[in-house]
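Colleague: Dropping a prediction and its sequence here:
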Amino acid sequence: DAGVTQSPTHLIKTRGQQVTLRCSPISGHKSVSWYQQVLGQGPQFIFQYYEKEERGRGNFPDRFSARQFPNYSSELNVNALLLGDSALYLCASSPSVDSPLHFGNGTRLTVT
Amino acid sequence: LAKTTQPISMDSYEGQEVNITCSHNNIATNDYITWYQQFPSQGPRFIIQGYKTKVTNEVASLFIPADRKSSTLSLPRVSLSDTAVYYCLVLTGGGNKLTFGTGTQLKVEL
């Protein structure tokens, strides 16, 4: 079985631009979560979706938004990019909201 | 949220058993303890989860004393490939909104 897949793997954007990151969960997993990992720190929770509804939101500004599609894939959007948004963005899926997470290998976003 | 404290780094040699202890003094009754492993440029990988006493799977054991204020991840006979960051997390009600700390950087040498 394929694991969690994320695209693109790397991305370079300029300050003020907008970016969309994509995630395909493991087949059968209905929950998708997004995390931001800055170099040298642990991942920080951004969003959780389950059955296409938002189930949790971390302490991130409204520039960050996400959605989950009927096929359970998900997109994370970040508007008005700042230099501080440079990070590894991780997507994780799970069968339900209380099962261990399966992470993808992330999208490395660099904002210049 | 229960705060966790774990060593910043640990060193070991191949073939040794490694024990990483995590403190979670304000753990609540319905909280679970879970551990993840992360290699550079990869997402974290679930290792093990438990509520009390001892849990064992094919890669690790998790020891939780009766007061549940700490837990110990035990990795038997580590190899170079076990060099990674290990995160201890406390989950409320077994839910999976994870709050990561900075983890423990384990370095295994020959």
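Modeller: Happy to help now that I have it. Residues are numbered from 1 along each chain as shown, chains lettered A, B, ... in the order given.
Colleague: List the residues that contact the closest residue to A:His10 other than its chain neighbours.
Modeller: Closest residue in space to A:His10, ignoring its immediate chain neighbours: A:Arg108 at 4.8 Å, by Cβ to Cβ, 6 or more residues apart in numbering or on different chains. For the C-beta atoms, the positions are set from N, CA and C on the backbone; glycine is no exception. By Cβ atoms under 8 Å, 6 or more residues apart in numbering or on different chains, the contact set of A:Arg108 is A:Thr9, A:His10, A:Leu11, A:Leu88, A:Tyr89, B:Ser41.
Colleague: Given the host helix or strand of the third one, what are its sheet partners and their directions?
Modeller: Assigned by DSSP states H and E, A:Leu11 belongs to strand A:10-13. Listed by DSSP bridges, the sheet partners of strand A:10-13 and their directions read strand A:107-111 (parallel).
Colleague: distance of A:Gly106 from chain B?
Modeller: Distance, A:Gly106 to chain B, using Cβ to the nearest Cβ, to the nearest Å: 6 Å.
Colleague: go on, A:Ser33?
Modeller: In terms of Cβ to the nearest Cβ, A:Ser33 sits 7 Å off from chain B.
Colleague: pLDDT below threshold where in chain A?
Modeller: A:1 (pLDDT under 70).
Colleague: what residue is smack in the middle of it?
Modeller: In chain A, the centroid-proximal residue (Cα atoms, centre = their mean) is A:Trp34; its distance is 3.3 Å.
Colleague: Just confirm it is within a strand.
Modeller: Yes. Counting by DSSP: H, G, I helix; E, B strand; the rest coil, A:Trp34 is part of a strand.
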